[in-house]
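Visitor: coords below, sequence missing:
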């Protein structure tokens, strides 16, 4: 695991949002924002955390499909369940930066 461990929580002060990890206790340890000398805003975020954040919609969709398939139980065919598992695997690969 190279991404910042969770849980994550948003913090704000001085008009700057920061995404911090409660596990590490580092303020802004996931995403920190700052104003550059030219007045533009910028972010500090690791490549691993960027991959995880970019994969969040895919991960949510895969979890929703898995939850639906589990709720339907015996009504789910093997090809449908296989599709759910493949979607989950693809989302996990994206989150880990393996895509």
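Guide: Nice, I can see it. Note that the structure is predicted; figures quoted are calculated from it, not measured.

Visitor: for this protein, what spans make up the helices?
Guide: With DSSP state H, the ranges of helices along the chain come out as 47-72, 78-95.

Visitor: helices or strands up against the shortest one?
Guide: Meaning helix 78-95. Helices and strands touching helix 78-95, by 3 or more Cβ pairs under 8 Å, 6 or more residues apart in numbering; DSSP states H and E, are helix 47-72. Glycine gets a C-beta too; all of them are placed from N, C-alpha and C.

Visitor: give me the angle between the helix it packs on and helix 78-95.
Guide: 160 degrees (axes from the mean of the first three to the mean of the last three Cα atoms, to 10 degrees).

Visitor: circling back to that earlier point, who wins for proximity to residue 26 among the helices of the chain?
Guide: Of all the helices of the chain, helix 47-72 sits nearest to residue 26, with 12.2 Å by Cβ to Cβ.

Visitor: tell me which residues of that closest one come out buried.
Guide: In terms of neighbour count (16 or more other Cβ atoms under 10 Å), helix 47-72 has its buried residues at 49, 51-53, 55, 58-59, 62, 65, 69.

Visitor: and that helix, what's its mean pLDDT?
Guide: Mean pLDDT, helix 47-72: 93.

Visitor: now for that helix, which elements pack on it?
Guide: Counting by 3+ Cβ pairs under 8 Å, 6+ apart, helix 47-72 packs on helix 78-95.

Visitor: I'd like the buried residues of helix 47-72 as a markdown table, with distance to residue 95 appended.
Guide: Converted to a markdown table, these look like this (distance: Cβ to Cβ, whole Å):
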| residue | distance to residue 95 |
| --- | --- |
| 49 | 10 |
| 51 | 6 |
| 52 | 5 |
| 53 | 9 |
| 55 | 4 |
| 58 | 8 |
| 59 | 6 |
| 62 | 10 |
| 65 | 16 |
| 69 | 20 |
